[in-house]
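Peer 1: starting from these lines, generate the structure:
(one chain, ligands or ions: 2)
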Amino acid sequence: MGKAETAKTEWKSVRYDNDKGIWLGFPGLCKGCGLCIQKCPTKVIQWSNELGVYGTPRVEPRMEGCIVCGMCQMVCPDCAIRIEKKKVQQ
Ligand code: SF4
Ligand code: SF4
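Peer 2: Ligands and ions are numbered 1, 2, ... in the order given. Presented below is the predicted three-dimensional model:
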């Protein structure tokens, strides 16, 4: 019982957003593989000066160019990115 409860970890997130959506990164999950940087169609993900879980740099988006396509979330092997589209304003 206790084990199952302690296994449920709330990962800290870093949040970036623009008018299209929200980019959430989870530095505690990022292993710094760089796959998201390679696959981003607009090339807006870059290495951060801050470190991720294995002492490798984590990644951060330049939101002015992010089209919130979700590709980075899809390719990340460690679920360290979550993309949320904002609803279009009426
Ligand atoms: S959502 Fe798309 S455009 Fe934005 S950082 Fe991720 S891969 Fe790049
Ligand atoms: S694909 Fe995921 S684990 Fe790899 S650098 Fe990007 S966020 Fe980090």
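Peer 1: return the distance of Gln73 relative to ligand 1.
Peer 2: Between Gln73 and ligand 1 the distance is 7 Å, computed by CB to the nearest ligand atom, to the nearest Å. C-beta here means a position set from N, CA and C on the backbone, and glycine is covered the same way.
Peer 1: give the contact list for that residue.
Peer 2: Each residue near Gln73 by CB atoms under 8 Å, 6 or more residues apart in numbering is listed here: Ile81, Arg82, Ile83.
Peer 1: do the same with Pro77
Peer 2: Lys31, Cys33, Leu35.
Peer 1: and those residues, which of them are in helices?
Peer 2: Using DSSP state H, the subset of the contacts of Pro77 located in helices is Leu35.
Peer 1: and ligand 2, which of the contacts of Pro77 reach it?
Peer 2: The subset of the contacts of Pro77 lying close to ligand 2, counting by CB under 6 Å from any ligand atom, consists of Lys31, Cys33, Leu35.
Peer 1: can you lay out those residues as CSV showing neighbour count and pLDDT?
Peer 2: Putting the ones next to ligand 2 among the contacts of Pro77 into CSV (neighbours: other CB atoms under 10 Å; pLDDT from 0 to 100) gives the following:
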residue, neighbour count, pLDDT
Lys31, 15, 89
Cys33, 17, 93
Leu35, 16, 97
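Peer 1: tabulate those (CSV), appending distance to Arg58.
Peer 2: Formatted as CSV, those follow (distance: CB to CB, whole Å):
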residue, distance to Arg58
Lys31, 9
Cys33, 11
Leu35, 13
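Peer 1: of all the residues you listed, which comes closest to Trp23?
Peer 2: For these, the residue nearest Trp23 by CB to CB is Leu35; the value is 15.6 Å.
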